[in-house]
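Peer 1: model the following, please.
(chains A and B, ligands or ions: 1)
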Amino acid sequence: MTERLPESPSQTAGPYVHIGLVPNLLGISGLYPHDFGASPIKNGAMGEKIRIVGNVLDGDGTLIRDALLETWQADAGGRYPGTEGADPNVTGWARRITDLKTGAWQLDTIKPGAVPGPDGASMAPHVSVFLVARGINTGLQTRIYFADEARANAACPILSKADRPDTLIARQTAPGAYRFDIRLQGPDETTFFDI
Amino acid sequence: MSGLLPRNRALHPPALTPEYRSTRLRAPLRPLVALPSTLSEETGPVFGHGMLEPNDSDLIVNFTGTPALGERVIVHGQVRDEDARAIPGALIEIWQANAGGRYRHKNDSYLAPLDPNFGGAGRTLTDDQGRYRFLTVRPGAYPWPNGGNNWRPMHIHFSLFGAGFGQRLITQMYFEGDPLIALCPIAQTVPEGGVDRLVARLDMDTAIPMDALAYRFDIVLRGRDQTMFENCKEGL
Ligand SMILES: [Fe+3]
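Peer 2: Residues are numbered from 1 along each chain as shown, chains lettered A, B, ... in the order given. The predicted model follows:
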């Protein structure tokens, strides 16, 4: 017999989330020797080094400068950190902020491999994102897929469920360089998941 | 590998809550795409005690070593999932204003002064029983720009990392008896009085005589299928 409990309600992370989660990035030294999630990879990580950059935009197209993004990804072989055979130099998790002045965020990582998905299908290479900011009541879940993985993308059982899959695909701007903007509203509103 | 139970979205604030003005341009207006969880949500980073400093959960001394000003309070509780199972090893990170209601943040220009000895953040891991404990000062209420005479109730921001990336939760804790809770457009985004579950109760059994008051705040994270998920062993 188990007692069922309701999940605790979410609340906005507010404008000062940096103090709690990335104080050193904010310029507060003295709390922690280093922030958690500074990089998703360590020296020696296998795979293609990539950089993803982007902005987060509100319904007016204004850059959101107080957002925090967390990313989670598999290694180059498609294994999540901690699972059998995973690359020990891939931690997989990062915390990034939109710059308080420029509004840009950036992730330096390795390109993840395809990951086993539902019913034996394979999910195209992707980076999962959890996004919070002032004005966001419940953290938003989305995914970053890659434009140069057209065949895998077309077969991905998750991407194919998104009504606007284009909003989930990072544009390739140079070899190893991608751009992924997150739009909270508007005709190109990013697809967000309840997953 | 075990799936996450679907989130009951009715327990959470809707994205658009116009009384909290910042949501007007920041709330996604299209429905979320609901899917069963996958490996990408069922796995997540694992945190170990080796990643913490001894004073990380004591906000009174963790900034300079000299005690911060304010009313000393213990905030403690248990983290469980929807099946009432304790969640050990959950990372809890908190942040808050100082006793005067001022944050140590570039963008906070409230009149109340900074306390040179208060940083405003702490972190800990839940124990084998899912329990956690912080020592801090009671944060002050503070005014905020929302188009009127709006004041945030006394609150502590909580970030929780359970066993999977899809179990992530960020919320706020309020203090029992604070009349500003009922007036706060952010607290009131929670539907149907659910904000009560974010109100920590005064806990005189845990309060330390001549030292610190105590508040109890229990937290429930999204549940998982009954088969236990084998956690990864390695820290980050
Ligand atoms: Fe706050």
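Peer 1: any regions of chain A where pLDDT drops low?
Peer 2: The model of chain A has pLDDT under 70 over residues A:1-2.
Peer 1: now the helices for it?
Peer 2: Along chain A, the segments classed as helices by DSSP state H run A:17-21, A:23-26, A:150-155.
Peer 1: ok, now chain B?
Peer 2: B:23-26, B:39-42.
Peer 1: just checking, what packs against the last one?
Peer 2: Spelled out, that is helix B:39-42. On a contact count with 3 or more CB pairs under 8 Å, 6 or more residues apart in numbering or on different chains; DSSP states H and E, helix B:39-42 meets strand A:115-116, strand A:126-132. To be clear about C-beta, it is placed using only N, CA and C from the backbone, and glycine gets the same treatment.
Peer 1: okay if I get these as TSV plus distance to chain B?
Peer 2: Shown next, in TSV, are the helices and strands packed on helix B:39-42 (distance: least, CB to the nearest CB, whole Å):
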stretch	distance to chain B
strand A:115-116	6
strand A:126-132	5
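Peer 1: tell me which of those strands sits most buried.
Peer 2: strand A:126-132 (a mean of 24; mean count of other CB atoms under 10 Å in any protein chain shown).
Peer 1: how about TSV for the helices and strands packed on helix B:39-42, with distance to B:G44 added?
Peer 2: Formatted as TSV, those follow (distance: least, CB to CB, whole Å):
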stretch	distance to B:G44
strand A:115-116	14
strand A:126-132	9
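Peer 1: smallest gap between chain A and chain B, at which residue?
Peer 2: Nearest to chain B, among the residues of chain A, is A:G82, at 1.9 Å (CB to the nearest CB).
Peer 1: count the neighbours of that residue for me.
Peer 2: 20 (other CB atoms under 10 Å in any protein chain shown).
Peer 1: also A:G77?
Peer 2: 15.
Peer 1: list the contacts of the nearest residue to it once chain neighbours are set aside.
Peer 2: In space, and not counting its chain neighbours, A:G77 is closest to A:G113: 5.0 Å by CB to CB, 6 or more residues apart in numbering or on different chains. Contact analysis of A:G113 by CB atoms under 8 Å, 6 or more residues apart in numbering or on different chains lists A:G47, A:A74, A:D75, A:A76, A:G77, A:G78, A:R79, A:P125.
Peer 1: my guess is the second one contacts A:V115, does it?
Peer 2: Yes: using CB atoms under 8 Å, A:A74 is in contact with A:V115, at 5.0 Å.
Peer 1: which residues are in contact with both of these two?
Peer 2: Shared contacts of A:A74 and A:V115 (CB under 8 Å, 6+ apart): A:Y80, A:P125, B:S40.
Peer 1: looking at those, which is nearest A:K161?
Peer 2: Nearest to A:K161 out of the shared contacts of A:A74 and A:V115 is B:S40 (CB to CB; 13.6 Å).
Peer 1: buried sites along stretch B:205-224?
Peer 2: For stretch B:205-224, a neighbour-count test (16 or more other CB atoms under 10 Å in any protein chain shown) marks B:207, B:212-224 as buried.
Peer 1: let me fix that: stretch B:10-23
Peer 2: Going by neighbour count (16+ other CB under 10 Å), the buried part of stretch B:10-23 is B:L11, B:H12, B:P13, B:A15, B:L16, B:T17, B:Y20, B:R21, B:S22, B:T23.
Peer 1: distance-wise, check the fourth one relative to chain A.
Peer 2: The span separating B:A15 from chain A equals 6 Å under the rule CB to the nearest CB, to the nearest Å.
Peer 1: which pLDDT value belongs to the residue nearest the centre of chain B?
Peer 2: The centre of chain B sits closest to B:F158, judged by CA atoms, centre = their mean, with a distance of 1.5 Å. Per-residue pLDDT puts B:F158 at 99.
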